[in-house]
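*Asks:* whatever this is, show me its structure:
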Amino acid sequence: MYEQSDTVLFGAPFDSTASFRPGSRFAPRHMREDSCGLETYSPYQDRDLENTSIFDAGDLELCIGDTRTALAQIEGFVSQLLHEKKRPVMLGGEHLVSLGAIRAMSKQYHDLHIIHFDAHADLRDSYLGTELSHATVIRRVWDILGDGRIYQFGIRSGDRGEFFWAENRVHTQKFNFNGLEDTVNALRGKPIYFTLDLDVLDPSCFPGTGTPEAGGVSFSELLDAVLLLKPLNIVGFDMVELSPPLDHSGVSTATACKLLRELLLLGSV
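*Replies:* Model (predicted):
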């Protein structure tokens, strides 16, 4: 039941700014369908989803043709969850949906910090003529939070200007998760929003994504990194950029479901 839940899961099926291969709007529905084949018990954490209080609110009905309206709808829903003392967990959709959630989170948590796993820096000021894009989402988050509160890991793609701009503004670890443990220790006690772009994974094990980038991390490396986040106060998180139509084997969706289970169990007793 919603009233007894601590965490509320919801889908944000939006991919209107996808610049290469769309399809991530179908991720929440496919993940729900595939979740029936996933055990609720995690041998990695010795915890079980059956012992948690999580409510699935279904998918938001977003305005596909109007990006600003869709972001406002996401922000409004997350604000409602926070008002009712629920922890929001969002399934994208493309990465831009994170901006709507973080807008709401930043109003509730004035010392909010971001941990961001991704193949792409997403720090362009504009892309293809718009400031609202999956390629600009973290730059728009920086507009809200300012310097020193965004920590990126696994980044292996972006234009030269993004990396130059980020040098004194964003903590960026290229290619891997080196330094993550130090980051976790530095951020203990602070409110953290975690955003996981699944294309941080190598496309050889995760082909179902809109902008695949060779040279990514393995599933085991990503899982180890996720488990390192356990000491943090994760007040909300999202998982984005799964595109089920691009992987007919279903392996990418199964991988996303397993990672979601582990993330949901991080904060459980």
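*Asks:* quick one: Thr130 and Arg68 touch, right?
*Replies:* No: using Cβ atoms under 8 Å, Thr130 and Arg68 do not qualify as a contacting pair, with a distance of 10.4 Å. No exception for glycine: its C-beta is placed from N, CA and C like everyone else's.
*Asks:* can you show me the helices along the chain?
*Replies:* For the chain, helices defined by DSSP state H occupy the ranges 27-34, 67-83, 97-108, 137-145, 160-166, 180-187, 219-228, 251-266.
*Asks:* convert the C-alpha atoms of the fifth one to CSV, please.
*Replies:* Listed in CSV are the C-alpha atoms of helix 160-166, where the atom choice follows Å, rounded to 0.1, in the frame of the first residue of the first chain:
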residue,chain,number,x,y,z
ARG,A,160,36.5,18.6,-25.9
GLY,A,161,34.7,21.7,-24.6
GLU,A,162,32.7,19.6,-22.1
PHE,A,163,35.8,18.2,-20.5
PHE,A,164,37.5,21.6,-20.5
TRP,A,165,34.5,23.3,-19.0
ALA,A,166,34.2,20.7,-16.3
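*Asks:* now do it, average pLDDT.
*Replies:* Taken as a whole, helix 160-166 has a mean pLDDT of 97.
*Asks:* contacts for that helix?
*Replies:* 121, 123-124, 152, 172 (Cβ atoms under 8 Å, 6 or more residues apart in numbering).
*Asks:* would you mind checking those residues for buried ones?
*Replies:* The neighbour-count test (16 or more other Cβ atoms under 10 Å) applied to the contacts of helix 160-166 identifies 121, 123-124, 152, 172 as buried.
*Asks:* nearest to Ser243, out of those: which one, please.
*Replies:* For Ser243, the closest of the buried ones among the contacts of helix 160-166 turns out to be Ala121, at 20.0 Å, with distances computed as Cβ to Cβ.
*Asks:* ignoring the adjacent residues along the chain, who's closest to that closest one?
*Replies:* Spatial nearest neighbour of Ala121, excluding adjacent residues (Cβ to Cβ, 6 or more residues apart in numbering): Gly158 at 3.5 Å.
*Asks:* that neighbour: neighbouring residues, count only.
*Replies:* Here the neighbour count serves as a burial measure; for Gly158 (other Cβ atoms under 10 Å) it reads 22.
*Asks:* ok, now which ones touch it?
*Replies:* Here Gly158 is in contact with 120-124 (criterion: Cβ under 8 Å, 6+ apart).
*Asks:* for it, phi and psi?
*Replies:* Recorded main-chain torsions at Gly158 are phi 160, psi 160, according to degrees, to the nearest 10.
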